[in-house]
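Peer 1: Predicted model follows, preceded by the sequence.
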Amino acid sequence: MLRSLAVIFCTVIPFIIASNAPDWMLQSWFFDWDAPGSLFPVPVTAQCETIHITWQRGSATGPDGVSPYYLQIYTSNYAFPFILPAGPDPKADVTIPFAPGTLYQICMFDSNGNNGGCQDVYTVYANPNTTTTCSNFTMPTNTLSAKLESPAGPLSPYGWIPSCTDLSVTPQSGTPPFTLTIAPSLHPPLNITSNDMSPIKWTVSLSWSSSFFVSLVDAKGITWSAGLLHSGSGDTSCLSGSGSNKLGISVGATVGAAVGGLLVGTALSILFMLLVFRRRNSARPMKRRISGMHLGESEDHIEPYRFPRTSSALSSPPAVDGTTFPSPVHISSTSHPGKHRSRMPSEYTSASVHTLGEEHEVDHDAFTSSASGNGEDPGTLLQLTPVIRRPESGINGMQTHSRNPSRSPSIAGELNQVYVIHHDSGRAPVSVITSAGTEVVELPPGYSQDFMPSQSSSRSARSKSRPTSHLRIPES
């Protein structure tokens, strides 16, 4: 999950940062001062010539213009723009007073900051009528000081800067906040606002040889400008990016969808991990009950078979050559007195050993000392399960002894005896006591009725019907 989140983060965050680049303003109207009937505008103006500016909404897509309107005139001779009122009507007459050779560009704004775009760069030439005079525009009483830089260092006000590189303007005076305006020719402007004196950077997202002016204004309306600047040759990767993609989805919607997808993916990943963790935890208690539960700690414990211990109980099958077959022995618990003994009938109180039909008592201390000597809990139930092997000489049939030893059939042939000691409740593995060449058949331990009802019930029924048979006799 962490790797997936890292991939999403590295993919989305750079896109969001790139999308924070400022957008070009939408144009709200169009204006020009072309002579009526002219097919192509001629970007020249005589000194002291009066131009007749008109504007109209046309096919502009920006907000409606709100009067009064203003003309912002950039020139190549002054380090500040001239701001002239254009009045409320959709027309204005302006006399150009600049000296011959001056380059100027007019942009237009309304009272709400909406724009009508910027016109082409015009050049002033000397008026043929030498007697024509005009007064200059009013000069501002105060101007800002700013430092213009490119990645290569200080930039000339008339310099060329490679496209897709950063143009930096650092205020040297004035009162924040500052607004940097990028004003290309025949294009809507772009505004960038800064709340301190730190450098204001803009990536030159203009094609090769495009001309533009830059201006800076502070909170008091004091201005500074530089130009005419040009975009030089360089990287063009930034020219394909804009404020919206080809599908018409806005940057805000795209960024919102990306962040939302990141949050939803993170939430789903966390939920999936919680479900997997909960499932693993729910499976562990059942596994502990089956493999590692101590007897007497819970009702759902594993309990081995209990065999009769009276003289009338299950008798061991007779052996040949004096071999004895003791019945299974139950070692009573000392750490949990009465815990398991209370479940046994009173007749299961002793065990006996039979040799050719004769009955002898079993030494229980030998088993008790053996269990204690191995470091096991004295309350552990040990099950000694007699397992019968038919010798190769063959025995036609074999039966378990009934409660009456006198009814036990005689068995001929050699017979070996094996004891399988089950260590339940998480004890050591099964111990097998046998002689060489003996076949071992293991009987499974019994389970309490609470833990496995179906098997316990069937086993109880078989125990009642056949109380004397707990031996597995190989079939002939």
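Peer 2: Sure thing, it's come through.

Peer 1: For the spatially closest residue to residue 136 that is not a sequence neighbour, which three-state class applies?
Peer 2: Using CB to CB, 6 or more residues apart in numbering and skipping residues adjacent in sequence, the residue nearest residue 136 is residue 97, 4.5 Å away. C-beta: built from backbone N, CA, C; applies to glycine. Following DSSP: H, G, I helix; E, B strand; the rest coil, the label given to residue 97 is coil.

Peer 1: Could you pull up the contacting residues of residue 97?
Peer 2: Listed by CB atoms under 8 Å, 6 or more residues apart in numbering, the contact set of residue 97 reads 47-48, 134-137.

Peer 1: Residue 228 versus residue 157, what's the distance?
Peer 2: Between residue 157 and residue 228 the distance, using CB to CB, to the nearest Å, works out to 8 Å.

Peer 1: for the chain, which helix is longest?
Peer 2: If you go by DSSP state H, the chain has its longest helix at helix 251-291.

Peer 1: And the average pLDDT for it is what?
Peer 2: Averaged across helix 251-291, the pLDDT comes to 76.

Peer 1: What of stretch 183-192?
Peer 2: The average pLDDT within stretch 183-192 is 96.

Peer 1: same check, this time on stretch 162-175
Peer 2: Stretch 162-175 carries an average pLDDT of 95.

Peer 1: Only C-alpha atoms, please: export that stretch in CSV.
Peer 2: Written as CSV, here are the backbone C-alpha positions of stretch 162-175 (Å, rounded to 0.1, in the frame of the first residue of the first chain):
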residue,chain,number,x,y,z
PRO,A,162,14.7,32.2,-23.7
SER,A,163,11.3,30.8,-23.6
CYS,A,164,10.3,28.5,-20.7
THR,A,165,12.8,30.1,-18.4
ASP,A,166,12.0,32.2,-15.3
LEU,A,167,11.9,35.9,-15.5
SER,A,168,12.3,37.5,-12.0
VAL,A,169,11.2,40.9,-10.9
THR,A,170,12.3,41.9,-7.4
PRO,A,171,10.8,45.1,-5.8
GLN,A,172,13.4,47.5,-4.4
SER,A,173,11.0,50.0,-3.0
GLY,A,174,7.2,50.4,-2.5
THR,A,175,4.6,49.0,-0.2
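
Peer 1: Could you check that stretch and say which residues are buried?
Peer 2: Within stretch 162-175, the residues that count as buried by 16 or more other CB atoms under 10 Å are 163-165, 167-171, 174.

Peer 1: tell me the contacts of residue 22?
Peer 2: Contacts of residue 22 (CB under 8 Å, 6+ apart): 190-192, 202.

Peer 1: farthest-separated two in those residues?
Peer 2: The distance between the two most remote of those (CB to CB) is 10.3 Å, for 191 and 202.

Peer 1: shared neighbours, the two?
Peer 2: Common neighbours of residue 191 and residue 202 (CB under 8 Å, 6+ apart) are 22, 180, 182.

Peer 1: gap between the residue nearest to residue 102 when sequence neighbours are not counted and residue 177?
Peer 2: Using CB to CB, 6+ apart and skipping residues adjacent in sequence, the residue nearest residue 102 is residue 124, 4.5 Å away. Residue 124 is 34 Å from residue 177, where distance means CB to CB.

Peer 1: Mind checking which of the two has more residues around it?
Peer 2: residue 124 (23 against 12; other CB atoms under 10 Å).

Peer 1: how close does that one get to residue 107?
Peer 2: With distances taken as CB to CB, residue 124 is found 17 Å from residue 107.

Peer 1: swap in residue 122?
Peer 2: 13 Å.

Peer 1: Equivalent analysis for residue 59, please.
Peer 2: Between residue 59 and residue 107 the distance is 19 Å, computed by CB to CB.

Peer 1: So between the two, which is more surrounded?
Peer 2: residue 107 (25 against 7).

Peer 1: which residues pair with the more buried one across the strands?
Peer 2: Beta-bridge pairing for residue 107 (DSSP bridges): residue 72, residue 118.

Peer 1: Residue 190 is in contact with residue 182, correct?
Peer 2: Yes - using CB atoms under 8 Å, residue 182 is in contact with residue 190, at 4.4 Å.

Peer 1: what do the two both touch?
Peer 2: Here residue 182 and residue 190 have residue 202 as joint contacts, going by CB under 8 Å, 6+ apart.

Peer 1: that older thread, which phi and psi does the residue nearest to residue 102 have?
Peer 2: Residue 124 has phi and psi values of phi -90, psi 130 when expressed as degrees, to the nearest 10.

Peer 1: hey, where'd the helices end up in the stretch 1-150 of the chain?
Peer 2: Assigned by DSSP state H, counting those that start in this stretch, the stretch 1-150 of the chain shows helices spanning 2-19.

Peer 1: What's the per-residue pLDDT of residue 221 here?
Peer 2: pLDDT at residue 221 comes out at 94.

Peer 1: cool, and residue 379?
Peer 2: The predicted local confidence for residue 379 is 43.

Peer 1: rewinding a little: got a markdown table for the buried residues of stretch 162-175, with distance to residue 275 too?
Peer 2: Putting the buried residues of stretch 162-175 into a markdown table (distance: CB to CB, whole Å) gives the following:
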| residue | distance to residue 275 |
| --- | --- |
| 163 | 52 |
| 164 | 48 |
| 165 | 51 |
| 167 | 53 |
| 168 | 52 |
| 169 | 55 |
| 170 | 55 |
| 171 | 56 |
| 174 | 60 |
